[in-house]
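Student: one predicted model, sequence on top.
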Amino acid sequence: MNLHIRRQDILKTIQMHSTVAVDELIRHYNESAAPIRKDLTHLEKAGLIARTRGEAHIARSSSVMPVSARSSVNAEGKKRIARIAARMVAENESIVLDSGTTTLAIAQELPSNPHLHVITNSVYIAVVLANRNISVNVCGGVLDTNNMSLVGPEAERYFSRLEVDTMFLSASGVRGTTGLCVVSPLECHIKKQMMQIAKKVYAVIDSSKLGSNGINLITDFASLDALITDQPVHDPLLRDALERYEVAVIHD
């Protein structure tokens, strides 16, 4: 197991159990103490976990840490998703990119195209696309500084007046076999509104989020056309739920 995969696996284990003894992790991975403690230090510096003597805990604030910190989590997986998503965008399409680190990666992969129309509530996405030959619209609203996104009633009203071809939907995690979740209720509300105006909805979820959760349910799987991810879905219950709702799973 390489270093990146092991760290993602450790994070999923801590997310699943909330608290895990460090000695248990050392035994499970059949490693000496030093590399496992380095992995935990890396995850702690990223704001994903908290540590106390002999234990690692899921960080309660990890789900709302700044975009700049979240972007480094499974960055390669997000790039793979972004390349797939960018190839799926037709030349004359109108698309919505909501705020999120994976949708930001999609924006970075989009080529200049004067016939493409992008609508977003993400300040970062707007900045990334500012120097491309792409038509970009940004809603108004209240600035959520954790996500650098515009949210609230004004933002929701803006999107309610539109109709677009495709939405690329990001999320904080997957709630079991139910659907996609996010922590912020304001983010949840605007993502719901964005979904309503899109003819197709593609969820873009990297594998580090398949074992995580969130407080607010954005949508169930029935509302999705496809799930774009960086690895096959290994959880048999989740895989069965996606098949039952006829959600195509796309990965490289």
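Tutor: Okay, I see it.
Student: C-alpha coordinates for stretch 23-36, PDB please?
Tutor: Extracted in PDB, the C-alpha atoms of stretch 23-36 (Å, rounded to 0.1, in the frame of the first residue of the first chain):
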ATOM      1  CA  ASP A  23      -1.600   1.200  18.400                       C
ATOM      2  CA  GLU A  24      -4.500  -0.400  16.600                       C
ATOM      3  CA  LEU A  25      -3.500   1.500  13.400                       C
ATOM      4  CA  ILE A  26       0.100   0.400  13.800                       C
ATOM      5  CA  ARG A  27      -1.000  -3.300  14.100                       C
ATOM      6  CA  HIS A  28      -3.500  -3.100  11.300                       C
ATOM      7  CA  TYR A  29      -1.000  -1.700   8.700                       C
ATOM      8  CA  ASN A  30       1.900  -3.900  10.000                       C
ATOM      9  CA  GLU A  31       4.200  -0.900  10.200                       C
ATOM     10  CA  SER A  32       6.500   0.500  12.700                       C
ATOM     11  CA  ALA A  33       5.200   3.400  14.800                       C
ATOM     12  CA  ALA A  34       7.100   6.100  13.000                       C
ATOM     13  CA  PRO A  35       5.400   6.000   9.600                       C
ATOM     14  CA  ILE A  36       1.900   5.800  11.000                       C
END
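Student: and the nearest residue to Asp225 once chain neighbours are set aside, its phi and psi?
Tutor: Taking CB to CB, 6 or more residues apart in numbering, and ignoring the residues beside it in sequence, Asp225 has Lys200 as its nearest neighbour in space, at 4.7 Å. (Glycine included, C-beta is placed from N, CA and C.) The phi/psi pair for Lys200 (degrees, to the nearest 10) reads phi -130, psi 140.
Student: does Gln231 sit in a helix, a strand or a coil?
Tutor: At Gln231 the chain is in coil, as set by DSSP: H, G, I helix; E, B strand; the rest coil.
Student: ok, it - contacts?
Tutor: Counting by CB atoms under 8 Å, 6 or more residues apart in numbering, Gln231 makes contact with 77, 207, 251.
Student: let's go with 6 Å and repeat that
Tutor: Applying CB atoms under 6 Å, 6 or more residues apart in numbering to Gln231 gives the contacts 207, 251.
Student: against Ser184, how distant is the residue in the chain sticking out farthest from the centre?
Tutor: Most distant residue from the mean C-alpha position of the chain: Ser32, 32.4 Å away (CA atoms, centre = their mean). Going from Ser32 to Ser184 by CB to CB, to the nearest Å gives 40 Å.
Student: repeat that for Ala155.
Tutor: Remark: distance between Ala155 and Ser184 (CB to CB) = 13 Å.
Student: how deep is Pro185 tucked in, by neighbour count?
Tutor: Pro185 has 10 neighbours, counted by other CB atoms under 10 Å.
Student: just checking, it touches Leu217?
Tutor: No - the criterion here is CB atoms under 6 Å, and Pro185 misses it with Leu217 at 10.7 Å.
Student: can you pull the pLDDT of Ala69?
Tutor: Per-residue confidence at Ala69 stands at 54 (pLDDT).
Student: now do the closest residue to Pro232 other than its chain neighbours, the pLDDT please.
Tutor: The shortest distance from Pro232 to any non-neighbouring residue, by CB to CB, 6+ apart, is to His251 (6.1 Å). Predicted confidence (pLDDT) for His251: 92.
Student: equivalent analysis for Ile49, please.
Tutor: On pLDDT, Ile49 comes in at 80.
Student: and for Ser212?
Tutor: 69.
Student: ok, now the one 4 residues further on?
Tutor: Asn216 is assigned 85 on the pLDDT scale.
Student: what's the neighbour count on the nearest residue to it once chain neighbours are set aside?
Tutor: The shortest distance from Asn216 to any non-neighbouring residue, by CB to CB, 6+ apart, is to Cys188 (3.9 Å). Residues lying near Cys188 (other CB under 10 Å) number 22.
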